[in-house]
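Novice: Mind looking at a prediction? Sequence and model below.
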Amino acid sequence: MRSWPNRTDCLSPVNCSWEDNYWNYYFNGSYRGSVPPENLFPIPVLMGITITCALLFLAGLTGNVMTILVVSKYRDMRTTTNLYLCSMAVSDLLIFLCMPPDVYRLWKYRPWIFGDTFCKLFQFVSECCTYSTILNITALSVERYLAICFPLRAKRLVTKRRVRALILFLWLVSLLSAGPVFVLVGVEHETRPAAGNSVSAGGAEGQTEIDTSECKPTRYAVESGLLAAMALVSSVFFFLPVFCLTVVYSLIGRRLWKRRRENNIGANVAHRDKSNRQTVKMLAVVVFAFVLCWLPFHLHRYLMSHSSEGSSPLWSLFTQYCSLVSTVLFYLSAAINPVLYNTMSRKYRSAAAQLFGLQETQPPRGRTASTVKGESSPAWTESTVSL
């Protein structure tokens, strides 16, 4: 991101045209007035993005709180699968707490008025939740693989207590992995004079300087290579789990497809496989939406870590709009999961309706191996009860 000082003389259209300065800066390398604009995008674009983010904030806040309440309030919803989804909902809620300063920076990224501690903290929370979400969705998918392909082994290994312990461990890993953000990010200051002033080596007494504080990667992080290393770690946290998810769901799909073609399976096994297919279908859509929303975010991070101050104006403009798109998709991914649950899961819709007093009966109970007669051995775990 280019470093621009605060714009104080172009707040009124009488003084100068924002759009003229914006495009002149990018394509001609010049601008009218003492300093460039204090935001990086035309006002209509910022208005559209702000309205979109506000809608995502309301939808994400409502949907994720509802997911947490549904899982915590109704005993039948406290399956191992839903514990992972509840953990992801907590992560998404924390991500939305980081939205207001992000939107503020779109409108006025200089000067940063919230202090160095808040700058580090909100970047840390965002990074930590990013790691937590991908780790939880990977662990959930592996647990689904075990429950479907190795049901007897999953019956012994997968319990609520162990899943809760694993979720805590995944959050601990996320916290530790995001820890370097406190070193990499901070409020950076530049020495820039206001219009008509010149700055000597030691600074002239009485001169007026512009507040150029900005929340961004520190110069030390950039020059030492730590920023590039952190971008690499973040990419590994994304692309490696995505590869694992692709393999896992391919194996699950292959197993369910082979079993579906068998003619000698009993009615109970067929019913169980139907339930598994419904759960896997929903989780596969969640994973696909996750990858689709977060891929631009990681591609933009990679581009920014390899860009330089001497980049061409067209490249700078491209990366800025990539940042804008990836930001919107990033928050969309945190808001979309409850919508997918409500769309694809009858049990979730029933529990949500009861939560709001629209239904008096208990949400439909999932069937487990212990309630199925005629099975030679228990083949379902708690996690086979779909959301």
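Specialist: The structure has been received and is ready for your questions.
Novice: alpha carbons only for contacts and neighbour counts from here, please
Specialist: Will do.
Novice: How much space separates the residue lying closest to residue 344 once chain neighbours are set aside from residue 338?
Specialist: Spatial nearest neighbour of residue 344, chain neighbours left out: residue 282 (6.3 Å); criterion: Cα to Cα, 6 or more residues apart in numbering. Counting by Cα to Cα, to the nearest Å, the gap from residue 282 to residue 338 is 11 Å.
Novice: what are the ranges of the strands in the stretch 51-200 of the chain?
Specialist: 185-188 (DSSP state E, counting those that start in this stretch).
Novice: which residue ranges form the helices in it?
Specialist: Using DSSP state H, counting those that start in this stretch, the helices of the stretch 51-200 of the chain run over 80-97, 99-107, 115-149, 151-157, 160-178, 181-184.
Novice: What lies in contact with the last one?
Specialist: Going back to what we said before, that points to helix 181-184. 120, 121, 123, 124, 127, 217, 218, 220, 221, 226, 227 (Cα atoms under 8 Å, 6 or more residues apart in numbering).
Novice: Going by distance to residue 256, which of those residues wins?
Specialist: residue 127 (35.7 Å; Cα to Cα).
Novice: how many neighbours does that closest one have?
Specialist: Neighbour count for residue 127, taken as other Cα atoms under 10 Å: 19.
Novice: try residue 69
Specialist: By the measure other Cα under 10 Å, the count of residues near residue 69 is 15.
Novice: what's the answer for residue 220, then?
Specialist: Neighbour count of residue 220, defined by other Cα under 10 Å: 13.
Novice: list the helices and strands the helix or strand encompassing it packs on?
Specialist: Per DSSP states H and E, residue 220 falls inside helix 219-224. If you count contacts as 3 or more Cα pairs under 8 Å, 6 or more residues apart in numbering; DSSP states H and E, helix 219-224 packs onto helix 181-184.
Novice: Give me the buried stretch members for the helix it packs on, please.
Specialist: 181, 182, 184 (16 or more other Cα atoms under 10 Å).
Novice: Could you do stretch 171-191 as well?
Specialist: 171, 173-175, 177-178, 181-182, 184-188.
Novice: Adding pLDDT and distance to residue 344, write those out as a markdown table.
Specialist: Supplementary listing: the buried residues of stretch 171-191 in a markdown table, determined by pLDDT from 0 to 100; distance: Cα to Cα, whole Å:
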| residue | pLDDT | distance to residue 344 |
| --- | --- | --- |
| 171 | 97 | 27 |
| 173 | 95 | 31 |
| 174 | 94 | 29 |
| 175 | 95 | 32 |
| 177 | 92 | 33 |
| 178 | 92 | 33 |
| 181 | 90 | 37 |
| 182 | 92 | 40 |
| 184 | 89 | 41 |
| 185 | 88 | 40 |
| 186 | 87 | 42 |
| 187 | 85 | 44 |
| 188 | 79 | 47 |
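Novice: Output these in a markdown table, with distance to residue 76 appended to each entry.
Specialist: Listed next are those as a markdown table, based on distance: Cα to Cα, whole Å:
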| residue | distance to residue 76 |
| --- | --- |
| 171 | 25 |
| 173 | 29 |
| 174 | 29 |
| 175 | 31 |
| 177 | 34 |
| 178 | 34 |
| 181 | 39 |
| 182 | 41 |
| 184 | 44 |
| 185 | 44 |
| 186 | 46 |
| 187 | 48 |
| 188 | 51 |
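Novice: And these, which is closest to residue 71?
Specialist: Taking these together and measuring to residue 71 by Cα to Cα, the closest member is residue 171, at 18.9 Å.
Novice: Skip the chain neighbours and tell me the closest residue to the closest one.
Specialist: Counting by Cα to Cα, 6+ apart, the residue nearest residue 171 is residue 132, at 5.8 Å.
Novice: Correct me if wrong: the one you found contacts residue 170.
Specialist: Yes. In this structure, residue 132 is within contact of residue 170 by Cα atoms under 8 Å, at 6.5 Å.
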